[in-house]
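Asks: Okay, predicted coordinates and the sequence, questions at the end:
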Amino acid sequence: MIDITDFINNDVKPLRTTDSVADAQDLFAEYPFSHFPVLEEGVYVGSAGAEDTELMDIEKAVGDNRYSFDRFFVRDTTVWLDVLGEFAKNETNLLPVLDKDNNYLGYYEINDIITFFHETPFLKEEGGIIVVEKNLIDYSMSQVAQIVESNNGRLLGLFISEANTEKVQITLKISLGGMSEILQTFRRYNYEIVSEHQEDTYLNTLKDRSDYLDKYLNI
């Protein structure tokens, strides 16, 4: 299996604090980066933002504007889901990567991490998506997994996709098993099914026809 660290990139060398602002502006004009790492004597000191750099005095050095640097980074031990979270939290398409001793190793690009995500079983393997909701104090991840597996389903992945002080939504990807039975079991355990399913449509159609027949017979 591909390791996320295989995506650490060094194609473009980091900026240095002694580089001119003009050089930094040229870099951002050539590459579609929102940020780019800056080193001082080989040590990572932050990331210059493309928009901030555009407003800097081209006669100055990049390091003269260090007050505007963003300080985000990830470690080479950071798992891919947390890396994806850092991209979102910092609204960037590039993340510097440091080792445990704070040595600069390179950077991740968002497109590479999304490609890595696509290779995980959660997205790569065929299956159905279910979104369920329950009161925050009542839900249990182990119960969710048990409901799927007790109906001969195989759980490819799940995560909390939404939460507030009262409710929690859980998104699951399932292969194998009877989807209809899984949905009905969730309902028996008082989970609300948020996602729409063909199985439900079929059952509702049967119910509508049954109601219509009852009305007809009672005329």
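Replies: Looks like it arrived, so ask away.

Asks: So A24 sits against E54, correct?
Replies: No - the criterion here is C-beta atoms under 8 Å, and A24 misses it with E54 at 9.4 Å. From N, CA and C alone the C-beta is placed, and that goes for glycine too.

Asks: Have a look at the two and say which one is more surrounded.
Replies: Legend: neighbour count by other C-beta atoms under 10 Å for A24 and E54, higher for A24 (24 against 12).

Asks: any idea how far the spatially closest residue to T17 that is not a sequence neighbour is from D26?
Replies: By the measure of C-beta to C-beta, 6 or more residues apart in numbering, the closest residue to T17 outside its immediate chain neighbours is G63, 2.8 Å from it. For G63, the distance to D26 (C-beta to C-beta, to the nearest Å) stands at 17 Å.

Asks: Could you check which of those two has the larger neighbour count?
Replies: G63 (18 against 13).

Asks: helix, strand or coil for the more buried one?
Replies: Using DSSP: H, G, I helix; E, B strand; the rest coil, the structure places G63 in helix.

Asks: isn't it right up against V38?
Replies: Yes - counting by C-beta under 8 Å, V38 is a contact partner of G63 at 7.4 Å.

Asks: Surely F186 touches V131?
Replies: No - judged on C-beta under 8 Å, F186 makes no contact with V131 at a distance of 10.5 Å.

Asks: so what sits against both of the two?
Replies: I193 (C-beta atoms under 8 Å, 6 or more residues apart in numbering).

Asks: Between the two, which is the more surrounded one?
Replies: Higher neighbour count among F186 and V131: F186, with 23 against 15, using other C-beta under 10 Å.

Asks: Provide the backbone phi and psi angles at that one.
Replies: With angles defined as degrees, to the nearest 10, F186 sits at phi -60, psi -40.

Asks: separation between it and E126?
Replies: 21 Å.

Asks: And the helices in the protein, which stretches?
Replies: Secondary structure of the chain (DSSP state H): helices located at 21-30, 50-54, 80-90, 110-118, 121-124, 141-150, 179-188, 198-217.

Asks: any chance of the ones you listed in JSON lines, plus distance to F159?
Replies: Below are the helices of the chain laid out as JSON lines (distance: least, C-beta to C-beta, whole Å):
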{"stretch": "helix 21-30", "distance to F159": "34"}
{"stretch": "helix 50-54", "distance to F159": "31"}
{"stretch": "helix 80-90", "distance to F159": "8"}
{"stretch": "helix 110-118", "distance to F159": "12"}
{"stretch": "helix 121-124", "distance to F159": "9"}
{"stretch": "helix 141-150", "distance to F159": "10"}
{"stretch": "helix 179-188", "distance to F159": "17"}
{"stretch": "helix 198-217", "distance to F159": "22"}
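
Asks: thinking again about what came up before, and the residue nearest to T17, what is it in contact with?
Replies: So G63 contacts 16-18, 38, 40, 45 (C-beta under 8 Å, 6+ apart).

Asks: Flag the helix or strand of the chain with the lowest per-element mean pLDDT.
Replies: Least confident helix or strand, the chain: helix 198-217 with a mean of 48, by mean pLDDT, DSSP states H and E.

Asks: how many other residues sit next to T77?
Replies: 11.

Asks: returning to what we had before: pick the one among the contacts of G63 closest to S195.
Replies: V38 (44.6 Å; C-beta to C-beta).
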